[in-house]
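> model the structure of this input:
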Amino acid sequence: MGTFGLFFYGPYQHYWYRALEGYFPLKTAAHFLTKVTLNQVLLAPVVLVVVFSWNLALQGQAKEIPAKIRRDFVPSLMNGWKFWVPAASINFWVVPLAHQVLYMSCCGVLWTAYLSYSSNVSASLKLKGA
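Residues are numbered from 1 along each chain as shown. Predicted structure coming up:
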């Protein structure tokens, strides 16, 4: 998953947070809430699908990607909101733009660990049921 952060997530965050700051530069409740909302309804689904795809492709199971997305996308997104809404709130309200990628990347390490764990638990439960 290190390659995911290096080649996708880090660069994607860099441009994403700069764009949000460009469109919503004010330190107001409206701009803050807009950033948090856009982060969750636009960024989160893209990143989640890429994480699932990246993980399965690296494991040589690319054909499992559509089933993984159908099965785990909504539960993972909802669980993600429990983690990412507070993390993004801190990011947009407290963390300066120059450090937002670093802060969210650190959060991303924790989130990726959760996704990897949930992927492996789903796989092991599937094997036990077979």
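> would you map the helices across this structure?
Using DSSP state H, the helices of the chain run over residues 2-4, 10-23, 29-38, 44-58, 65-93, 97-129.
> what mean pLDDT does the first one have?
Which is helix 2-4. Averaged over helix 2-4, pLDDT sits at 69.
> and the last one, by the same measure?
If you average the pLDDT over helix 97-129, you get 79.
> next: the fourth one.
Throughout helix 44-58, pLDDT has a mean value of 91.
> could the helices of the chain go into a markdown table alongside mean neighbour count?
Quick note: C-beta positions are derived from backbone N, CA and C, even for glycine. Below are those laid out as a markdown table (neighbours: other Cβ atoms under 10 Å):
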| stretch | mean neighbour count |
| --- | --- |
| helix 2-4 | 12 |
| helix 10-23 | 15 |
| helix 29-38 | 15 |
| helix 44-58 | 17 |
| helix 65-93 | 15 |
| helix 97-129 | 14 |
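> residues in contact with stretch 75-87: which ones?
For stretch 75-87, the external contacting residues (Cβ atoms under 8 Å, 6 or more residues apart in numbering) are 36, 39-40, 44-45, 48, 52, 104, 107, 110-111, 114-115, 118.
> just how off-centre is that stretch within its chain?
How far stretch 75-87 lies from its chain's middle: 9 Å, per Cα atoms, centre = their mean, to the nearest Å.
> now swap in stretch 65-73 and tell me
Its chain's C-alpha centre and that of stretch 65-73 lie 16 Å apart, by Cα atoms, centre = their mean.
> which residues sit against that stretch?
So stretch 65-73 is contacted by 45, 48-49, 52-53, 56-57, 118-119, 122 (Cβ under 8 Å, 6+ apart).
> just stretch 94-108 next, same as before
For stretch 94-108, the surrounding residues in contact (Cβ under 8 Å, 6+ apart) are 5, 9-10, 13-14, 17-18, 21, 83-84, 87-88, 90-92.
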